[in-house]
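A.B. asks: build me a model from this:
(chains A and B)
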2 protein chains.
Amino acid sequence: MAVDPSIAADAEAAARRSEEAAESFFRGAPPLRERDRVAASVANFVVRRSAGGPAGGSRVICITSGGTTVPLEQRCVRYIDNFASGQRGAAATEYFLKAGYAVIFIYRRGSKQPYCRFLPEDSFLDLFELGEDSEIQVPQSHSTVVKAAISNYHKAIGEGLLLKLPFATIFEYLQLLQMVATSMNCLRHHGMFFLAAAVSDFYVPWESMAKHKIESAVGPLNMQLNQVPKMLFILRKNWAPSAFCVSFKLETDPNILLKKAEMALKKYGMDVVVANELASYKNVVVMVTSSGRTTVSRSSKEEDLEEQLTEHLMKMHTEHIT
Amino acid sequence: MAVDPSIAADAEAAARRSEEAAESFFRGAPPLRERDRVAASVANFVVRRSAGGPAGGSRVICITSGGTTVPLEQRCVRYIDNFASGQRGAAATEYFLKAGYAVIFIYRRGSKQPYCRFLPEDSFLDLFELGEDSEIQVPQSHSTVVKAAISNYHKAIGEGLLLKLPFATIFEYLQLLQMVATSMNCLRHHGMFFLAAAVSDFYVPWESMAKHKIESAVGPLNMQLNQVPKMLFILRKNWAPSAFCVSFKLETDPNILLKKAEMALKKYGMDVVVANELASYKNVVVMVTSSGRTTVSRSSKEEDLEEQLTEHLMKMHTEHIT
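C.D. replies: Next comes the predicted model:
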């Protein structure tokens, strides 16, 4: 099919603008701490599984999880944050590990962790008791789940199948994603992205940020925030073009959700966009692909929606590879 | 000393404005979940220790901890947050409990908890192993500290000396503080406040808040935030006038810190304002009182600054009672 040359030129110009915005974002971002050490651990993790490595040709997934913070001050006291417990990413990590994937888990500090999701929110001490000889005990009711968690976690770490990379700010998150994605490019179709992190749409560029804590004495606060460049587009186009890419769209208004998911699918070239509504995201999601929509829902509260969701996605990833 | 009547009238007008701002804040705030249940548990906890209760005349401290969030949308996806790990409040809780105080711990969900401060940030599973008979073990290096934590925590809860109340938003925080403070008023001088929570200075009134997630497609985001009413003033004046009140001032700029702490001391009628600088708050603070300044610093990294700080404050509280 012939493409109208003016449309093609428009698309090219839009692509160039995106790339320029991304470059400018990274140029202005405060550099990642211990960048070299982190980059080396990512490269090692990936190379083992690339075609020529010892675990050659095996599948690797990058799972992102939790919300990103947007600092409002350079010596950061205040920031903007997104709601995201990290439940979805932590659960997905467990299921992908179980299916034999190696997982790079890019997570927001303090968000839910794989195998720890069942924990009481604020006091892990409620789970433990001291026995008569002051040995550590877990009440019978929790014993099985706590022991399985300890054992599964140490297995994943021991076999080198889980690499955990923490972030807090939008600057850290996007630099880590770029690092991991470019590293995973060598895996080609065997690489997969499960981008469940809630990424801020707005940020304050580092150089225009207040150096000290913003003064509160002078009446209402006015702020202007810039748009964060759409990095999904750059990931697909430049960082890891052959990987299987799943992104997420969260809205509170069900009337615009599916339309926005479909727009994201086309605009960023995703393979799947998972549409979530805030009120029901634990019970039902819709997987939007170029060939249609599939609803995934759980039948009981004891079930993880992520078990079914990851199963669907792994099948699609297999098709993507073959 | 005769007070200039125009100054007195000014002060009265300012007080009235503060009270009106506070009333308007509470009127517009979304109501606390399970308000009646929480209020009853607070009242029970306090009444046991009031002059006529079974543990009559004993000391009660309200410790607030962690940052407050400011929702930007009613169905909240985005919010503004303050940096605050909750380390100070969690540590202080341990020392006040050890000294025999009953503690009402008002804490930000997910912030540091008493007796859990030593835990690895994101994976408590790193602390545990399974032994040969799949019994739960803690590596020798951590065994003493983990066992002490489990034992101290269960002791405090078992003896009814620790009441934990979680919050996330500025609306929840201030409603809880009002509830606890008015409840503690009956303890008079035996009550104490250790207000270490990092409270947002700005907020978006609930009724003027976006109902749905703010759209990201339409260029930069402009926001206007209102000032949060200064509740310390209301606490001192109306909620619990006889209690011993300690508040905290955090700044990143050392040049304005002590001046601002002294202003807060006078303006809100605090007994002590603890001045913290972001770069050094773990190592040194200055206690500002009407009779002067006292620097408290720790001599080694193994020490908690809070051990010394709470010791000073308990002595002052004793003087306040007698």
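
A.B. asks: per-residue confidence at residue A:62?
C.D. replies: Listed pLDDT for residue A:62 reads 98.

A.B. asks: just give me the neighbour total for it.
C.D. replies: Per other Cβ atoms under 10 Å in any protein chain shown, the neighbour tally for residue A:62 reads 28. Quick note: C-beta positions are derived from backbone N, CA and C, even for glycine.

A.B. asks: shaky segments in chain A?
C.D. replies: A:1-3, A:76, A:120-123, A:215-219 (pLDDT under 70).

A.B. asks: and the strands in it, which stretches?
C.D. replies: Counting by DSSP state E, chain A has strands at residues A:60-65, A:70-71, A:78-82, A:102-108, A:129-130, A:136-137, A:162-167, A:191-195, A:202-203, A:221-227, A:244-251, A:272-277, A:284-289, A:292-297.

A.B. asks: can you put these in a markdown table and add distance to residue B:32?
C.D. replies: Below are the strands of chain A laid out as a markdown table (distance: least, Cβ to Cβ, whole Å):
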| stretch | distance to residue B:32 |
| --- | --- |
| strand A:60-65 | 30 |
| strand A:70-71 | 28 |
| strand A:78-82 | 22 |
| strand A:102-108 | 27 |
| strand A:129-130 | 32 |
| strand A:136-137 | 36 |
| strand A:162-167 | 33 |
| strand A:191-195 | 35 |
| strand A:202-203 | 30 |
| strand A:221-227 | 26 |
| strand A:244-251 | 26 |
| strand A:272-277 | 26 |
| strand A:284-289 | 30 |
| strand A:292-297 | 32 |
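
A.B. asks: residue B:6 is nearest to which of the ones you listed?
C.D. replies: Set against residue B:6 and scored by Cβ to Cβ, the strands of chain A come closest in strand A:221-227, at 31.8 Å.

A.B. asks: just the CA trace of that closest one, in PDB.
C.D. replies: Extracted C-alpha coordinates of strand A:221-227, given in PDB (Å, rounded to 0.1, in the frame of the first residue of the first chain):
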ATOM      1  CA  LEU A 221       2.000  27.800  45.500                       C
ATOM      2  CA  ASN A 222       2.000  27.900  41.700                       C
ATOM      3  CA  MET A 223       3.800  25.200  39.800                       C
ATOM      4  CA  GLN A 224       4.400  24.500  36.200                       C
ATOM      5  CA  LEU A 225       5.400  21.000  35.100                       C
ATOM      6  CA  ASN A 226       6.600  19.800  31.800                       C
ATOM      7  CA  GLN A 227       5.500  16.700  30.000                       C
END
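
A.B. asks: that one packs against which elements?
C.D. replies: On a contact count with 3 or more Cβ pairs under 8 Å, 6 or more residues apart in numbering or on different chains; DSSP states H and E, strand A:221-227 meets strand A:202-203, strand B:221-227.

A.B. asks: adjacent strands (with direction) for the last one?
C.D. replies: This points to strand B:221-227. Using DSSP bridges, the strands paired with strand B:221-227 are strand A:221-227 (antiparallel), strand B:202-203 (antiparallel).

A.B. asks: need the winner for burial among those.
C.D. replies: Among the strands paired with strand B:221-227, ranked by average contacts under mean count of other Cβ atoms under 10 Å in any protein chain shown, first place goes to strand B:202-203 (a mean of 23).

A.B. asks: list of residues touching it?
C.D. replies: Strand B:202-203 is touched from outside by A:216, A:220, A:221, B:70, B:80, B:170, B:225, B:226, B:227, B:228, with contacts defined as Cβ atoms under 8 Å, 6 or more residues apart in numbering or on different chains.

A.B. asks: closest one of those to residue A:194?
C.D. replies: residue B:80 (28.4 Å).

A.B. asks: bridging residues for the spatially most central residue of chain A?
C.D. replies: Centroid-nearest residue in chain A: residue A:64, 1.6 Å away (criterion: Cα atoms, centre = their mean). In this entry, residue A:64 is beta-bridged to residue A:106, residue A:195, by DSSP bridges.

A.B. asks: just checking, it touches residue A:106?
C.D. replies: Yes. Counting by Cβ atoms under 8 Å, residue A:64 touches residue A:106, with 4.6 Å between them.

A.B. asks: what touches both of these two?
C.D. replies: Joint contacts of residue A:64 and residue A:106 (Cβ under 8 Å, 6+ apart) are A:173, A:177, A:197.

A.B. asks: select from the residues you listed the one having the most neighbours.
C.D. replies: residue A:197 (27 neighbours).

A.B. asks: contacts only, for it.
C.D. replies: Residue A:197 neighbours (Cβ under 8 Å, 6+ apart): A:64, A:65, A:66, A:67, A:68, A:84, A:89, A:106, A:108, A:173.
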